[in-house]
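Asks: whatever this is, show me its structure:
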Amino acid sequence: MKYDQGNNQMLNKNQMLNKKKERRKRSSSTFKSMVENQDQDQSNKLEEVNLSGLCLESFPATHELNLALICTLDLSNNNIQIIPESLTARLLNLVNLDVHSNQLKTLPNSIGCLSKLKVLNISGNSIEYLPGTIENCRSLEELNANFNRLAKLPDTIGFELVNLKKLSVNSNKLRYLPYSTSHLTNLKVLDARLNCLVAFPEDLENLINLEILNVSQNFQYLEVIPYSVGLLLSLKELDVSYNRITKLPNSLGCLKHLKKLSVEGNPLVCPPRDVVEKGLTSVKVYLSERMTGSFKNQSKKNSWLGKVVKCGTFNGHTISMNDPDDDSYSMPEYRRSLDSPSYLSMLSPRRLFSPSGTNGHDSSSYLSMLSPRRLFSPKKDSPKSTS
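Replies: The predicted structure is shown next:
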């Protein structure tokens with residue numbers, strides 16, 4: 001019996017291998033026939049090639065084929081480990097490339113030759129970095145790099161991919177998005193959830209067309225939402241759930257087009273929980289009121305004079321109201337601060353004409369120094385000192 005079971009297992013393995021070989025041959029022959037059977041006048045150019053789910057470990061041999069005719073190439077759901085440099089260099093008119101769910105660890109440098117590429121899907125692989133040449137794909141509008149091992153993106157990616165509308169990099173190992181991200185002014189969707197983000201890129205307000213921003217589930221890393229997020233005037237959906245955020249910026253109250261806000265899973269203090277539970281409208285009203293200072297007694301709290309008098313910031317002279325050894329509370333000394341009557345009287349115009357002692361700065365001797373007649377009066381010789 002054991003011997004028969006072993007034979008059956010061997011037969012099953014051989015059958016599986018034979019099926020894989022047949023699939024590879026079928027896919028290769030299918031691909032060749034698709035290309036070779038095109039009309040000679042090229043009036044009906046081959047536009048789409050679908051080789052998805054064929055258990056391919058490599059791209060079929062195409063040495064004699066004109067790959068420049070292909071506009072859409074789907075190699076998804078295979079076991080491809082490497083995309084040959086020579087392949088992408090020949091796909092000159094490629095617009096859509098889908099290689100998701102393979103075993104890729106990198107992309108070829110020749111991907112920069114795809115100057116007409118608009119959609120690139122490389123999700124579900126093991127890619128650790130993107131080649132710098134990807135910046136030459138200046139027609140790219142959608143980049144899907146979800147579920148990879150990316151630790152960083154090219155630093156200047158935002159300076160070159162100016163037509164990018166959707167950037168999806170969720171489920172990677174990113175700690176930062178490059179500074180150049182803020183130059184993607186055509187970007188509408190930015191999905192960076194399930195990473196290790198600790199901060200947003202600077203000048204985020206430049207993303208004037210951004211409609212969806214998802215930075216959720218960065219867990220213990222992301223703690224602060226910058227004020228600039230509230231300046232994304234086209235924003236419709238904001239998801240910052242499951243982070244370590246304690247405060248939402250008041251500027252979020254300005255987002256008139258915001259329809260969805262997800263903040264659950266954060267230790268929020270501002271807005272309070274009862275405000276958050278009431279929904280998006282209540283949160284926006286709360287934040288806008290904080291920003292405009294329309295809370296009760298807010299004008300009094302924000303009075304600069306009140307703060308100056310309270311804190312004694314005019315001259316820094318303070319006296320303790322409690323025990324001399326206890327400095328827990330102090331206030332300015334009234335007679336010595338600049339808001340006291342003695343100091344305020346010095347600013348009065350009447351001071352120039354009021355009599356005062358000879359030692360004061362408002363005495364006649366001091367006033368005479370300001371007279372224009374002093375310039376033309378004879379100068380008295382000062383007596384020489386005798387030894």
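Asks: quick one, helices of this structure?
Replies: 2-36, 85-90, 157-160, 273-277, 280-292, 298-301, 304-311, 341-344, 364-368 (DSSP state H).
Asks: quick one: contacts of the fourth one?
Replies: For helix 273-277, the external contacting residues (CB atoms under 8 Å, 6 or more residues apart in numbering) are 263, 268, 282-283, 286. C-betas here are computed from N, CA, C, even on glycine.
Asks: now for those residues: which two are most distant?
Replies: L268 and S282 (13.4 Å; CB to CB).
Asks: out of those two, which sits in the more crowded spot?
Replies: More neighbours surround L268 than the other of L268 and S282, with 18 against 14 (other CB atoms under 10 Å).
Asks: the more buried one against K247, yeah?
Replies: Yes. If you go by CB atoms under 8 Å, L268 and K247 touch, sitting 7.3 Å apart.
Asks: next one: N163 from S228, what distance?
Replies: N163 sits 23 Å away from S228, going by CB to CB, to the nearest Å.
Asks: repeat for V240
Replies: Taken as CB to CB, the span from V240 to S228 is 14 Å.
Asks: those two - which one has more neighbours?
Replies: Shown here are V240 and S228; by other CB under 10 Å, V240 has more neighbours (24 against 18).
Asks: thought the more buried one was touching E264?
Replies: No. Assessed by CB under 8 Å, V240 is found out of contact with E264, at 9.5 Å.
Asks: tell me which residues in stretch 129-143 are buried?
Replies: Neighbour-count burial for stretch 129-143, with 16 or more other CB atoms under 10 Å as criterion, is recorded at 130-131, 133-137, 140-143.
Asks: dump the C-alpha coordinates for that stretch into CSV.
Replies: Presented in CSV, the C-alpha positions along stretch 129-143 are these (Å, rounded to 0.1, in the frame of the first residue of the first chain):
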residue,chain,number,x,y,z
TYR,A,129,12.7,49.8,-4.1
LEU,A,130,11.6,51.6,-7.3
PRO,A,131,14.3,52.3,-9.8
GLY,A,132,15.1,56.0,-10.3
THR,A,133,14.4,55.6,-14.0
ILE,A,134,10.7,55.4,-13.2
GLU,A,135,10.7,59.2,-13.1
ASN,A,136,11.1,59.1,-16.9
CYS,A,137,7.5,57.7,-17.1
ARG,A,138,6.2,61.2,-17.2
SER,A,139,2.8,60.2,-18.7
LEU,A,140,2.1,58.0,-15.7
GLU,A,141,-1.3,58.8,-14.1
GLU,A,142,-1.8,55.8,-11.8
LEU,A,143,0.8,54.0,-9.7
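Asks: avg pLDDT for that stretch?
Replies: Stretch 129-143 carries an average pLDDT of 96.
Asks: can you list contacts of it?
Replies: 106-121, 145, 150-154, 156-157, 159-168.
Asks: so which of the residues you listed are in strands?
Replies: 119-121, 166-168 (DSSP state E).
Asks: dump those residues into TSV; add pLDDT as well.
Replies: Shown next, in TSV, are the ones in strands among the contacts of stretch 129-143 (pLDDT from 0 to 100):
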residue	pLDDT
V119	98
L120	98
N121	98
K166	98
L167	98
S168	98
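Asks: of the residues you listed, just say which sits nearest to K236.
Replies: Of the ones in strands among the contacts of stretch 129-143, the one sitting nearest to K236 (CB to CB) turns out to be K166, at 14.1 Å.
Asks: surely that closest one and N209 touch.
Replies: No. Using CB under 8 Å, K166 is not in contact with N209, being 11.2 Å away.
Asks: joint contacts of the two?
Replies: Common contact partners of K166 and N209 (CB under 8 Å, 6+ apart): 187-188.
Asks: how close does the closest residue to E160 other than its chain neighbours sit to E237?
Replies: In this structure, E160 finds its nearest non-sequential neighbour in E135, 3.7 Å apart by CB to CB, 6 or more residues apart in numbering. Computed as CB to CB, the E135 to E237 distance reads 28 Å.
Asks: how about N170?
Replies: Distance from N170 to E237, by CB to CB: 14 Å.
Asks: show me which of those two is the more surrounded one.
Replies: N170 (20 against 16).
Asks: just list the residues touching the spatially closest residue to S180 that is not a sequence neighbour, thanks.
Replies: Once flanking residues are discounted, S180 sits nearest to G158: 3.1 Å by CB to CB, 6+ apart. G158 makes contact with 178-184 under the criterion CB under 8 Å, 6+ apart.
Asks: where does G158 land on pLDDT?
Replies: 94.
Asks: ok, now K152?
Replies: With respect to pLDDT, K152 has a value of 95.
Asks: mind listing what it touches?
Replies: Here K152 is in contact with 129, 174-176, 178 (CB under 8 Å, 6+ apart).
Asks: looking at these, which is nearest N50?
Replies: Y129 (28.4 Å).
Asks: and that closest one, how far from N77?
Replies: From Y129 to N77 the distance is 23 Å (CB to CB).
Asks: do S241 as well
Replies: 31 Å.
Asks: just V169 next, same as before
Replies: Using CB to CB, V169 is found at 21 Å from N77.
Asks: how about R138?
Replies: 29 Å.
Asks: ok, now L51?
Replies: 10 Å.
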